[in-house]
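Trainee: need coordinates for the following:
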Amino acid sequence: MFKGKQPVFVILVLLSSLILSACGDSPTATPAPAATTAAAATTAAASGAATTAASGAATTAAAAGAATTAAAAGAAPAAASTNPADYGLKPGKPYNGTKLNFLICCNTATQFASLIDKTAKEFTAMTGISVTWDNGPYNGFQQKLLTESVSGTGGFDNIAWVDSWGPGIKQFLLPLDDKIKEAKISLEDFSPAHITAASSNDGKSVLGIPFRGHAQVLFYRKDIFQKLGIQPPTTWQELEAVAKVIKEKNPATSPLSNYYAVNAGQNVFIFLNHLWGNGGDVFDQSMRPIFNNPAGVEATTAYINLLKNGYSSPNSVTFNEGEAGTQFTTGKSAMFVAWSWYFSNFSNPKNVAPEVLNNIGFVPAPAWTGKAPISYSQIWPVGISKYSKNQDAAWEYLKWLTNTKVEKAVVLDKSKPEFDNVVAVHYSNLQDPEVNRVHQGLQNTMLSVLKTARTEPLIPEWPQVESVLEVAINNMAGGKSVKETLDQAAKDVEAIMKKGGYYK
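Mentor: Coordinates of the predicted model:
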């Protein structure tokens with residue numbers, strides 16, 4: 001889908017400028033050992049699954065962990081199946097003794113930490129394959145991913161990546177179409193946006209399987225809404241009306257925690273929700289920027305007016321996503337639009353004020369009145385390096401890692417606080433009654449969002465484009481004209497795309 005021709009080193013330079021807050025429940029700046037080994041039960045990261053429709057439905061097997069409300073209270077999940085066939089793996093340990101290296105980061109993310117434990121205790125015990133997870137900080141993960149991919153050394157077997165980083169590394173990944181077909185893995189169990197992000201740049205091959213994904217949801221204070229007799233908004237227009245009521249009748253609490261700061265493109269996430277929701281887009285079919293057309297101006301004006309009208313704190317101009325989240329968890333605001341993974345943080349007494357704990361509700365991120373809901377969803381696929389010398393063993397691990405049973409066991413595992421997470425990407429798990437019972441129906445909400453979600457444009461130039469947009473958003477939040485700022489940003493983006501070879 002690239003119209004411009006980009007040398008590898010250009011892609012490397014372009015993409016290395018992008019750092020997203022995608023690890024989510026992990027402290028991304030925390031120093032970590034260079035690598036840890038699953039066999040030592042000190043590593044981890046990944047889950048998700050694509051199995052057959054029948055397998056996706058049969059998620060109540062022993063491997064699912066039988067985590068119920070008791071598990072949510074801290075009980076350990078039931079023992080997983082030790083039968084390789086339950087995960088589509090080969091019998092007889094044909095790769096016994098093989099040592100795999102997995103390029104990933106952030107093993108303190110709760111989803112990853114649970115998989116650290118399970119990789120060693122379950123996968124290695126069942127197959128004889130040990131797995132070492134690379135464990136650098138998130139802010140160095142992208143650069144290492146790109147450097148290792150370009151080098152072609154084969155130092156890593158399994159590779160994880162964030163969706164918008166894909167264009168720079170997909171040419172170094174192994175096509176999985178034949179393997180997926182042979183294993184009878186159903187890709188229909190995932191959001192179409194996630195499969196697009198996991199596919200080759202031309203869309204002709206699948207290069208990875210989704211395993212960590214987030215949906216945009218609106219979190220709100222149930223106690224405040226109940227006291228004021230208002231309902232959680234389903235549209236941006238309703239949100240503005242609700243915010244007005246909160247501002248007038250509950251002035252001690254800011255109606256909304258928004259974030260407009262220049263910080264790795266975070267403010268672009270909410271901008272895209274508004275833009276796409278109003279029928280606008282970043283580019284037209286010829287890759288010309290159109291976010292400054294009437295639909296774009298209207299959407300952006302609504303986004304900026306949430307701050308201008310006093311519905312979000314004046315400090316929102318300098319807030320990044322995490323700082324806006326802190327305002328919400330400390331009881332200083334009544335609403336917060338963010339990634340679904342935040343719910344784990346909001347449910348932890350150590351992370352929230354007493355008046356906030358157990359008082360948080362959620363609904364899908366707002367749509368635009370009279371228009372179909374659409375928002376940005378982020379996904380981490382995982383694939384296999386085409387330079388790996390252990391591709392067959394790496395495929396065995398990828399099948400287990402992204403199996404529906406494993407994903408369900410991980411999302412239900414409340415045996416330790418560091419394992420408590422809400423992340424699931426399979427439709428079959430997102431609509432699973434047991435999973436939803438443990439998490440108050442969050443996954444059903446995520447499912448409704450993901451069915452119409454999109455990813456950011458998967459082009460090598462996106463980091464540069466996003467940089468232009470996030471600066472423009474911050475400038476508009478600071479008081480500059482919406483129309484004039486968008487027009488200038490469109491000119492800057494068009495110059496980037498022209499340099500990339502998109503126009504003849």
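
Trainee: contacts only, for V217.
Mentor: If you count contacts by C-beta atoms under 8 Å, 6 or more residues apart in numbering, V217 has them with 337-340, 362-365, 442, 445-446, 449. Just so you know, the C-beta spots here come from the backbone N, C-alpha and C atoms, and that holds for glycine as well.

Trainee: how about the strands in the stretch 151-300 of the chain?
Mentor: Assigned by DSSP state E, counting those that start in this stretch, the stretch 151-300 of the chain shows strands spanning 158-160, 208-214, 216-221.

Trainee: most neighbours per residue, which of those?
Mentor: strand 208-214 (a mean of 28; mean count of other C-beta atoms under 10 Å).

Trainee: relative to that strand, what are the paired strands and their orientations?
Mentor: Here strand 208-214 is paired, per DSSP bridges, with strand 378-384 (antiparallel).

Trainee: rewinding a little: would you turn the contacts of V217 into a markdown table with secondary structure, pLDDT and neighbour count?
Mentor: Shown next, in a markdown table, are the contacts of V217 (DSSP: H, G, I helix; E, B strand; the rest coil; pLDDT from 0 to 100; neighbours: other C-beta atoms under 10 Å):
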| residue | secondary structure | pLDDT | neighbour count |
| --- | --- | --- | --- |
| V337 | strand | 97 | 24 |
| A338 | strand | 96 | 28 |
| W339 | strand | 96 | 24 |
| S340 | coil | 96 | 27 |
| F362 | strand | 97 | 22 |
| V363 | strand | 98 | 16 |
| P364 | strand | 97 | 22 |
| A365 | coil | 97 | 28 |
| L442 | helix | 97 | 22 |
| T445 | helix | 97 | 23 |
| M446 | helix | 97 | 33 |
| V449 | helix | 96 | 24 |
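
Trainee: and which of those residues is nearest I209?
Mentor: Taking C-beta to C-beta as the measure, M446 is the one of these closest to I209, at 18.0 Å.

Trainee: now that closest one, nearest residue through space, not along the chain?
Mentor: With sequence-adjacent residues excluded and distances taken as C-beta to C-beta, 6 or more residues apart in numbering, M446 is closest to A215, at 4.2 Å.

Trainee: looking at the strands of the stretch 151-300 of the chain, which is closest to P381?
Mentor: Across the strands of the stretch 151-300 of the chain, closest to P381 is strand 208-214 (C-beta to C-beta), at 3.2 Å.

Trainee: roughly how far apart are the residue lying closest to L486 once chain neighbours are set aside and V471?
Mentor: In space, and not counting its chain neighbours, L486 is closest to N292: 3.8 Å by C-beta to C-beta, 6+ apart. Computed as C-beta to C-beta, to the nearest Å, the N292 to V471 distance reads 15 Å.

Trainee: about what we covered before: give me the neighbour count for the residue nearest to M446.
Mentor: By other C-beta atoms under 10 Å, the residues close to A215 number 26.

Trainee: so it sits against I374, correct?
Mentor: No: contact status for A215 versus I374: not in contact, 11.8 Å apart, counting by C-beta atoms under 8 Å.

Trainee: what sits in contact with each of those two?
Mentor: The contact lists of A215 and I374 share A453, where a contact means C-beta under 8 Å, 6+ apart.

Trainee: re the thing from before, can you redo the strands of the stretch 151-300 of the chain as JSON lines with distance to V282 and mean pLDDT?
Mentor: Output for these, formatted as JSON lines (distance: least, C-beta to C-beta, whole Å; pLDDT from 0 to 100):
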{"stretch": "strand 158-160", "distance to V282": "26", "mean pLDDT": "97"}
{"stretch": "strand 208-214", "distance to V282": "20", "mean pLDDT": "96"}
{"stretch": "strand 216-221", "distance to V282": "17", "mean pLDDT": "98"}
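
Trainee: make CSV from the ones you listed and add distance to I230 to it.
Mentor: Below are these laid out as CSV (distance: least, C-beta to C-beta, whole Å):
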stretch, distance to I230
strand 158-160, 41
strand 208-214, 27
strand 216-221, 9
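
Trainee: thinking again about what came up before, and the residue nearest to L486, what's its pLDDT?
Mentor: N292 carries a pLDDT value of 98.

Trainee: what sits against it?
Mentor: Contacts for N292 (C-beta under 8 Å, 6+ apart) come out as 483, 486-487, 489-490.

Trainee: again, only this time at 7 Å
Mentor: When contacts are counted by C-beta atoms under 7 Å, 6 or more residues apart in numbering, N292 touches 486-487, 490.

Trainee: list the buried residues for stretch 290-298?
Mentor: Going by neighbour count (16 or more other C-beta atoms under 10 Å), the buried part of stretch 290-298 is 290-292, 295-298.

Trainee: residues near N96, how many?
Mentor: As a burial measure, N96 scores 11 neighbours (other C-beta under 10 Å).

Trainee: nearest spatial neighbour of it, chain-adjacent residues omitted?
Mentor: Nearest to N96 is G128, by C-beta to C-beta, 6+ apart, at 3.1 Å.

Trainee: check D223 too.
Mentor: For D223, ignoring the flanking residues on the chain, the nearest one in space by C-beta to C-beta, 6+ apart is N359 at 4.6 Å.

Trainee: what pLDDT is listed against the one you found?
Mentor: So, for N359, pLDDT stands at 95.

Trainee: contacting residues around it?
Mentor: Residues counted as contacts of N359 (C-beta under 7 Å, 6+ apart) are 221-223.

Trainee: just give me the closest of those residues to P255.
Mentor: Nearest to P255 among the contacts of N359, with distances taken as C-beta to C-beta, is R221, at 10.2 Å.

Trainee: so who does that closest one touch?
Mentor: 334, 356, 359-360.

Trainee: same check on G208?
Mentor: Applying C-beta under 7 Å, 6+ apart to G208 gives the contacts 173, 198, 381-383.

Trainee: with pLDDT and neighbour count added, can I get these in a markdown table?
Mentor: Below are the contacts of G208 laid out as a markdown table (pLDDT from 0 to 100; neighbours: other C-beta atoms under 10 Å):
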| residue | pLDDT | neighbour count |
| --- | --- | --- |
| L173 | 97 | 25 |
| A198 | 97 | 28 |
| P381 | 97 | 30 |
| V382 | 98 | 28 |
| G383 | 98 | 25 |
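
Trainee: what residues of the longest helix along the chain count as buried?
Mentor: Ranked by residue count under DSSP state H, the longest helix found in the chain is helix 482-499. Judged by neighbour count (16+ other C-beta under 10 Å), helix 482-499 contains these buried residues: 482, 485-486, 488-490, 492-494, 496-497.

Trainee: just stretch 350-368 next, same as before
Mentor: Under the neighbour-count criterion of 16+ other C-beta under 10 Å, stretch 350-368 has 351-352, 356-357, 359-368 buried.
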